[in-house]
Every structure is written in C-alpha cells, then in structure tokens.
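Enquirer: sequence first, then the predicted structure, then my questions.
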Amino acid sequence: MVVAPKMVVGVAVVLVWAMVVMVPEVAATRWTVGTNQGWANNVNYTIWAQDKHFINGDWLFFVYDRNQMNVLEVNKTDYESCNSDHPLHNWTTGAGRDVVPLNVTRNYYFISGKGFCYGGMKLAVHVENPPPPPAASPVKSGSPSIYQNKLVLPALFAISALWDALIHFR
Ligand SMILES: *[C@@H]1O[C@H](CO)[C@@H](O)[C@H](O)[C@H]1NC(C)=O
Ligand SMILES: *[C@@H]1O[C@H](CO)[C@@H](O)[C@H](O)[C@H]1NC(C)=O
Ligand SMILES: *[C@@H]1O[C@H](CO)[C@@H](O)[C@H](O)[C@H]1NC(C)=O
Ligand SMILES: *[C@@H]1O[C@H](CO)[C@@H](O)[C@H](O)[C@H]1NC(C)=O
C-alpha cells in the first residue's frame with residue numbers, strides 16, 4: 001500500500017487545527033474542598049479558600065462522612081447565620097463525594113447542615129472569569145502567523161518524519 005500525499009496533508013491539517021484550537025485553553029481545576037482534610041469539622045475554610053483563585057468552569061469536590069455531614073448551597077445571609085432551613089441547592093447525593101460546578105461568575109456559599117456549620121463547616125468562594133489568553137498567544141483565525149507557532153512547526157516536521165519512516169518501513 002502506498003500512502004497518498006493527500007492523506008499526509010490531511011493529518012497535518014487536522015493536527016494544526018487541533019493545536020490552534022486547544023493550546024489557548026486553560027485547564028479547569030477540580031478543587032478538593034479542604035484538600036487533604038476534606039469537608040470536615042476542624043478546618044477553617046476561610047483560610048483554605050483565601051489563597052486560591054476559583055475560575056468559572058472549575059469544580060468543587062466535597063469529600064466527607066456521608067453519615068454525618070451534607071453540602072448545602074445557601075445565600076449570604078444563611079451562610080453567615082448557619083441557617084440550613086431553605087438552601088438554594090442541596091448538593092448532597094448521599095455518597096459523601098459531591099461535585100459542584102462553579103459555572104457562574106459570582107459568590108457561592110456552602111454550609112453543612114446538622115449543626116456542623118456552627119463548628120466552622122462553611123465555605124464562601126468568589127468565582128472569577130478566566131484570565132484573558134496571554135498576548136503572545138496566536139489565536140487570530142485565518143492568520144498565516146499560526147505557522148510561526150513554536151509548537152506547530154516542529155509538530156509538522158515530526159509528523160512528516162513519522163510518515164517518511166512509515167513509508168520507508170514498508
Ligand atoms: C436569604 O434567604 C432568606 C430566606 O429566604 C432571606 O430572608 C434573605 O434576605 C436572603 N438573603 C440574601 C442576601 O438574599
Ligand atoms: C439533600 O438531598 C439528600 C439526597 O437526596 C437527602 O437525603 C437530604 O435529606 C437532603 N437534605 C436537605 C437538607 O434537603
Ligand atoms: C450550572 O450547572 C448547574 C448544575 O449542573 C446547571 O443546572 C446550570 O444550568 C448551569 N448553569 C450554567 C449557566 O451553565
Ligand atoms: C477562620 O479564620 C479567619 C481568619 O483567621 C477568622 O476570621 C475566622 O473567624 C475563622 N473562622 C472560624 C470558623 O474559625
């Protein structure tokens with residue numbers, strides 16, 4: 001079988017397209033609330049959250065004792081007063097491992113019901129918009145400058161070398 005040059009070009013085009021589209025994307029973060037301590041009774045979540053940047057598209061991951069705690073989203077008033085009577089959203093699934101998408105740029109407030117909020121199980125996070133892509137990043141579509149991309153050009157060489165090797169091998 002002879003590898004048609006068209007196929008090589010096709011593969012390269014797909015590769016370039018994938019890189020141009022995907023390189024500027026910043027990976028979303030799944031934050032384990034409390035890190036190693038999880039969602040528990042003896043953690044200060046104000047301190048846990050204060051050095052972190054929560055970006056629209058991230059997730060919070062609550063890991064806890066499902067027999068004791070829960071995860072309730074409340075408004076600011078109820079966060080401050082530890083009132084769990086009318087949560088905005090009950091994120092408790094029953095497994096003790098709940099994932100909450102932070103998909104709106106706003107403040108989120110979470111507490112555990114069953115009295116644990118009074119012991120400090122309350123978390124406020126400020127969700128920010130993603131930062132603009134770095135100025136050097138070539139995202140202008142249709143611009144020939146994409147061929148100057150530090151990643152794309154070596155990738156093109158790599159793929160043509162790969163196809164050369166393949167053809168010679170056969
Ligand atoms: C939170 O909800 C309670 C009860 O529905 C309400 O009284 C309170 O004003 C709300 N607070 C905010 C900041 O929306
Ligand atoms: C939250 O949902 C869980 C699972 O459906 C349920 O067992 C629990 O009673 C709910 N808690 C509140 C406070 O609504
Ligand atoms: C955010 O996620 C929640 C839960 O999955 C969903 O109900 C809601 O529609 C989403 N909101 C936006 C703006 O995507
Ligand atoms: C958590 O730490 C902050 C800053 O030190 C403090 O203001 C706050 O009262 C503490 N919260 C709890 C529930 O202990």
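Expert: In hand now; what should we look at? Ligands and ions are numbered 1, 2, ... in the order given.
Enquirer: for the rest of this, base every contact and every neighbour count on C-alpha atoms.
Expert: Fine.
Enquirer: which residues touch the closest residue to ligand 4 within the chain?
Expert: Distances between the chain and ligand 4 by Cα to the nearest ligand atom are smallest at Gly120, namely 3.9 Å. For Gly120, the contacting residues are Asn41, Asn42, Val43, Asn44, Tyr45, by Cα atoms under 8 Å, 6 or more residues apart in numbering.
Enquirer: among these, which ones are buried?
Expert: Neighbour-count burial (16 or more other Cα atoms under 10 Å) applied to the contacts of Gly120 gives Asn41, Val43, Tyr45.
Enquirer: rewinding a little: how much space between the residue of the chain closest to ligand 4 and Tyr108?
Expert: From Gly120 across to Tyr108, the span is 16 Å (Cα to Cα, to the nearest Å).
Enquirer: got the residues of the protein near ligand 4?
Expert: Asn44, Thr46, Ile47, Gly120 (Cα under 6 Å from any ligand atom).
Enquirer: at 5 Å instead, please
Expert: By Cα under 5 Å from any ligand atom, the residues of the chain that approach ligand 4 are Asn44, Gly120.
Enquirer: close to ligand 1: what parts of the chain are there?
Expert: Asn75, Lys76, Thr77.
Enquirer: for stretch 82-102, buried residues please.
Expert: Cys82, Asn83, Ser84, Pro87, Trp91, Thr92, Gly96, Arg97, Asp98, Val99, Val100, Leu102.
Enquirer: how about these in a markdown table, adding pLDDT?
Expert: What follows is these, written out as a markdown table (pLDDT from 0 to 100):
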| residue | pLDDT |
| --- | --- |
| Cys82 | 98 |
| Asn83 | 98 |
| Ser84 | 98 |
| Pro87 | 98 |
| Trp91 | 98 |
| Thr92 | 98 |
| Gly96 | 98 |
| Arg97 | 98 |
| Asp98 | 98 |
| Val99 | 98 |
| Val100 | 98 |
| Leu102 | 98 |
